[in-house]
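J.: just to be clear, the model below is a prediction. Sequence and coordinates:
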Amino acid sequence: MFTRSFLLLPLATLLLATSALAAGPNLGMPLTQADLAAWDIFVFPDGKGLPKGSGTAAEGSAIYAQKCMHCHGEGAKGGISAALVGAPPIKSIDAPKTIANFWPYSTTLFDFIRRAMPWQQPRSLTDNEVYALTAYLLAQNKLIGEKDVMNAQALPKVKMPNRDNFSPRFPELMPRSGEKDL
Amino acid sequence: MKDLVPAAGNGLYDRRAFLRGGAALAAAMTGYSVKAETLTDPVWSNEPGTLVPPYGTPSKYEKGVVRTLSNPDFEPRNSHARTPHHLLHGTVTPNGLHFTISHGGNAEIDPAQHRLAIHGLVKRPLVFTAEALMRYPTVSRFTFVECGGNSAPMFSPEPIQASVQALHGLASCAEWTGVPLSTLLEETGIDPKAKWVIAEGADSQRLSRSVPLAKIMDDAMVALFQNGERVMPGQGYPMRLLLPGWEGNMNVKWLRRLELAEQPAMSYYESRTYSQILPNGKAFRFYFIQEVKSYITRPSFGVELKGPGFYEISGVAYSGNGKITKVMVSADGGKSWAEAALQEPVNSKSFTRFRAPWEWNGGPAVLQSRAWDDQGNVQPTRADFVAKRGEAAKVPSPLAFPNQHFNSITSWAIDANGGVRHVYA
């Protein structure tokens, strides 16, 4: 009897697994990469997800004046919305967190501008315009040169000054691999 | 008062005074001093009432029980609406009073056109309609949602005179019903390389956050219902990600996409906004858990005492780590403590109502509460908390977020007139 039970166990497990799948609603529709293209916009710190295209600070300056200055102020020094240029030293726990003094990854700049800005018309910018605005803000913050071209290869290589000053609150909750740069 | 057992200094009685039924309390309240007026029939008893409406709303006399807004003119920035804890009771926040933070306004979504895509490191990328998700096996659970910036005014170097709504109103609790994400990921299959799930909303910010896959498989759900009705627009209608006990912003509203990935996205909200500066100039990133906390909701700032006598001290306690096991209450600024009664059932990662009987003698009193959870965590004293996490350099606006994840003790001082001030004790 024991032998028989042991022999049956793997088969029973297999049947359970199969019937569980069959018994599930299975109401999802298969999704192709082409179907997803308009939504597939996450950009990762290693550059994964960055699109083709490029832009420079000079191009970005003109776009900024037209589409961003209304909220973020002249020279990106702040208006009704946050200052995007400037790196006041972090001297207290309530210090302003700016791109240059706090943001750990340059890729976040591209990702956030592309997904959420301008506030009134998100997703109205082309990828080239997003690269240009990213270049403009990085150059204004003196994190890249005025002439540097930002694209999928160059942007992830821009090392942000504060990158290595972060740690998780509960290290045991962090996934054990895939945490490069954390 | 001879039937009530003192449990701590300055008028705190044993919590079991409630459990013994009315006898002890009735005995405590024999000092009747005001004679009742003659009772008559009011006008509403002598004529028919009003039309029964299709959707009920609170009495017109309760119109002051509302959320407070940080951006009432809808300027191009985020909007906060805070829960009026001092005007509510029990453990469930009514849907219209659940706190909301919207970074780009509330998306107005036609549920027939909404889609949830699950892709990335999965075996079968799938997209679901809201209607399809309604056919999946569901679960219900009570859980709180709390903004990582809730209680931020408590980082002020001086106590800000503001209500519990202003100080702690970015936390609420509801019964959520939805589809466990583990069910949906069984259908997509999971590539063994996947470690994170990046969630994205369908709002104008396409708000996105990275969540460890282990949390998603543990107790995450796609929430479709809130306190029995469909999730409110401010909570992500037609669906939101629900991560019981974890930072509010990670509970992505208007959920439309989940990408399984090897690495986190380092989105704006995780790498900037909800990363918090520490006194040494470095920062925590990926805080995840809303740690054990409690606060007294009555009496509290703006809920004044009407003369000496008996009062119930009451408040809420909760922990993102599990169940509340104990709440202690002090009426003398922490010199002595009495154990509060906890309302059953105590749900994990959920508001727990605590109560303690108290007789105010008309003298100075400082009311405090302190909570413990079943994972061995205790709510820190303010001194211990501030020693590790620091204080703001200057007194902030009550609407500002000088830092995040404050969870230490709140103190209410009673003055001789029954007024209540916020103090640090």
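T.: Happy to help now that I have it. Numbers count the residues shown, from 1 in each chain, chains lettered A, B, ... in the order given.
J.: so where's the chain shaky on pLDDT?
T.: Here I'm looking at chain A. Under the criterion pLDDT under 70, the flagged ranges of chain A are A:1-23, A:177-182.
J.: not quite, I wanted chain B
T.: Along chain B, segments meeting pLDDT under 70 span B:1-3, B:18-33.
J.: for it, which residue gets nearest to chain A?
T.: Here chain B gets closest to chain A at one residue, B:L126, 3.0 Å apart by CB to the nearest CB. The way it works is simple: take the backbone N, C-alpha and C, and place the C-beta from them, glycine included.
J.: give me the number of residues near that residue?
T.: Per other CB atoms under 10 Å in any protein chain shown, the neighbour tally for B:L126 reads 22.
J.: residue contacts, it?
T.: Contact partners of B:L126, counting by CB atoms under 8 Å, 6 or more residues apart in numbering or on different chains, are A:G28, A:M29, A:P30, A:L31, B:A117, B:I118, B:H119, B:L184, B:E187, B:T188.
J.: of these, which is the most crowded?
T.: B:L184 leads the contacts of B:L126 on contacts (other CB under 10 Å) with 25 neighbours.
J.: and the host helix or strand of that residue, what does it pack onto?
T.: B:L184 belongs to helix B:181-188 when elements are defined using DSSP states H and E. In terms of contacts (3 or more CB pairs under 8 Å, 6 or more residues apart in numbering or on different chains; DSSP states H and E), helix B:181-188 is packed against helix A:2-23, strand B:115-120, strand B:126-129, helix B:213-219, strand B:221-226.
J.: contacts for that helix next, please.
T.: Contacts for helix B:181-188 (CB under 8 Å, 6+ apart): A:20-21, A:24, A:26, A:28, B:118-119, B:122-126, B:128, B:136-137, B:197, B:216-217, B:220-222, B:241, B:258.
J.: which among the residues you listed end up buried?
T.: A:28, B:118-119, B:122, B:125-126, B:128, B:136, B:197, B:216, B:220-222, B:241, B:258 (16 or more other CB atoms under 10 Å in any protein chain shown).
J.: from these, which is closest to B:L167?
T.: Nearest to B:L167 among the buried ones among the contacts of helix B:181-188, counting by CB to CB, is B:L241 at 26.8 Å.
J.: name the SS class of that closest one, please.
T.: When classified by DSSP: H, G, I helix; E, B strand; the rest coil, B:L241 comes out as strand.
J.: before we move on, the earlier item: CSV for the contacts of B:L126, including distance to B:P380?
T.: As requested, these are arranged in CSV below (distance: CB to CB, whole Å):
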residue, distance to B:P380
A:G28, 45
A:M29, 49
A:P30, 50
A:L31, 46
B:A117, 41
B:I118, 39
B:H119, 41
B:L184, 38
B:E187, 43
B:T188, 41
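J.: show me what from the stretch 51-200 of chain B comes close to chain A.
T.: Proximity of the stretch 51-200 of chain B to chain A, by CB under 8 Å from any CB of the partner chain, involves residues B:75-77, B:103-104, B:117-119, B:124-129, B:132-133, B:135-137, B:155, B:183-184, B:186-188, B:193, B:195-196, B:198, B:200.
J.: now do the contacts for the one residue in chain A that gets nearest to chain B.
T.: Using CB to the nearest CB, the single residue of chain A nearest to chain B is A:G28, 3.0 Å away. By CB under 8 Å, 6+ apart, the residues touching A:G28 are B:I118, B:R124, B:L126, B:V127, B:F128, B:A132, B:L184, B:E187, B:T188.
J.: got the residue ranges for the strands in chain A?
T.: A:29-30, A:54-55, A:150-151, A:166-167 (DSSP state E).
J.: got it, and the stretch 301-425 of chain B?
T.: All strands of the stretch 301-425 of chain B, identified by DSSP state E, counting those that start in this stretch, fall at B:309-318, B:324-330, B:338-339, B:341-342, B:352-360, B:365-373, B:411-414, B:420-423.
J.: and the ones you listed as a markdown table, adding mean neighbour count?
T.: Below are those laid out as a markdown table (neighbours: other CB atoms under 10 Å in any protein chain shown):
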| stretch | mean neighbour count |
| --- | --- |
| strand B:309-318 | 23 |
| strand B:324-330 | 23 |
| strand B:338-339 | 20 |
| strand B:341-342 | 20 |
| strand B:352-360 | 24 |
| strand B:365-373 | 24 |
| strand B:411-414 | 22 |
| strand B:420-423 | 19 |
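J.: Serialize these to TSV and add fields for distance to A:N101.
T.: Formatted as TSV, these follow (distance: least, CB to CB, whole Å):
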stretch	distance to A:N101
strand B:309-318	34
strand B:324-330	39
strand B:338-339	46
strand B:341-342	45
strand B:352-360	40
strand B:365-373	36
strand B:411-414	34
strand B:420-423	32
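J.: so which of these gets nearest B:N95?
T.: Of the strands of the stretch 301-425 of chain B, nearest to B:N95 by CB to CB is strand B:309-318, at 17.4 Å.
J.: other SSEs contacting the closest one?
T.: Going by 3+ CB pairs under 8 Å, 6+ apart, strand B:309-318 lies up against strand B:171-180, strand B:293-298, strand B:324-330, strand B:352-360, strand B:365-373.
J.: out of these, nearest to A:D164?
T.: A:D164 lies closest to strand B:293-298 among the helices and strands packed on strand B:309-318, at 31.0 Å (CB to CB).
J.: sheet partners, orientation included, of that closest one?
T.: Applying DSSP bridges, strand B:293-298 is found paired with strand B:309-318 (antiparallel).
J.: next, the angle from the partner strand to strand B:171-180.
T.: 40 degrees (axes from the mean of the first three to the mean of the last three CA atoms, to 10 degrees).
J.: any idea how far strand B:309-318 is from the chain center?
T.: 16 Å (CA atoms, centre = their mean, to the nearest Å).
J.: also stretch B:204-214?
T.: Distance, centroid of stretch B:204-214 to centroid of chain: 21 Å (CA atoms, centre = their mean).
J.: kindly report the same for stretch B:374-388.
T.: 18 Å.
J.: residues contacting that stretch, please?
T.: By CB under 8 Å, 6+ apart, stretch B:374-388 touches B:154, B:279, B:291-294, B:319, B:321-325, B:334, B:348, B:370-372, B:406-409, B:411, B:424-425.
J.: buried set for it?
T.: B:N377, B:V378, B:Q379, B:P380, B:R382, B:F385, B:V386.
J.: A:P51: neighbouring residues, count only.
T.: Count around A:P51 with other CB under 10 Å applied: 16.
J.: so it sits against A:A152, correct?
T.: Yes - assessed by CB atoms under 8 Å, A:P51 is found in contact with A:A152 at 6.9 Å.
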